[in-house]
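Trainee: Predicted model and sequence follow; I will ask about them next.
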Amino acid sequence: MSQPQPSESPILQGDADTIICFCERITELEVRTAIVVGKAASVEEVSGKTRAGTACRACHCRIQRMLEGKPPQCGGPCSRCDACGWIAALCACGQS
Ligand code: FES
């Protein structure tokens with residue numbers, strides 16, 4: 001009997017293409033792996049394991065939401081701009 005691979009585990013479901021930290025290009029799946037497998041329990045611990053959140057810190061609210069078991073998008077200024085996909089608070093496309 002083979003063991004499921006981490007990417008097949010239902011507890012590790014996360015989008016490998018969705019960027020959580022734009023500065024360090026860290027994906028939702030990488031953050032979720034740090035939380036579930038790496039037992040990261042704080043934004044600082046996730047940062048230490050992935051480098052997410054180590055630059056501008058705009059992704060801290062998304063990481064915190066994931067730590068709380070919520071979807072990463074908050075709908076606030078730290079969400080992605082619908083037009084350009086950058087962090088709304090930092091984008092310069094003028095559409096957010
Ligand atoms: S978006 Fe994560 S540190 Fe800037």
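Mentor: Looks like it came in fine. Numbers count the residues shown, from 1 in each chain.
Trainee: secondary structure element for the nearest residue to residue 87 once chain neighbours are set aside?
Mentor: In space, and not counting its chain neighbours, residue 87 is closest to residue 58: 4.8 Å by CB to CB, 6 or more residues apart in numbering. (Glycine included, C-beta is placed from N, CA and C.) For residue 58, there is no host helix or strand (DSSP states H and E).
Trainee: do the same with residue 20
Mentor: In this structure, residue 20 sits in strand 19-21 according to DSSP H and E.
Trainee: on that earlier part again, from the ligand, how far off is the residue nearest to residue 87?
Mentor: 5 Å (CB to the nearest ligand atom, to the nearest Å).
Trainee: Please apply the same query to residue 35.
Mentor: 16 Å.
Trainee: I'd like the mean pLDDT over the host helix or strand of that residue, please.
Mentor: If you go by DSSP H and E, residue 35 is part of helix 28-36. Averaging pLDDT along helix 28-36 yields 95.
Trainee: Give me the helices and strands touching it, please.
Mentor: strand 19-21, helix 43-50, helix 60-67 (3 or more CB pairs under 8 Å, 6 or more residues apart in numbering; DSSP states H and E).
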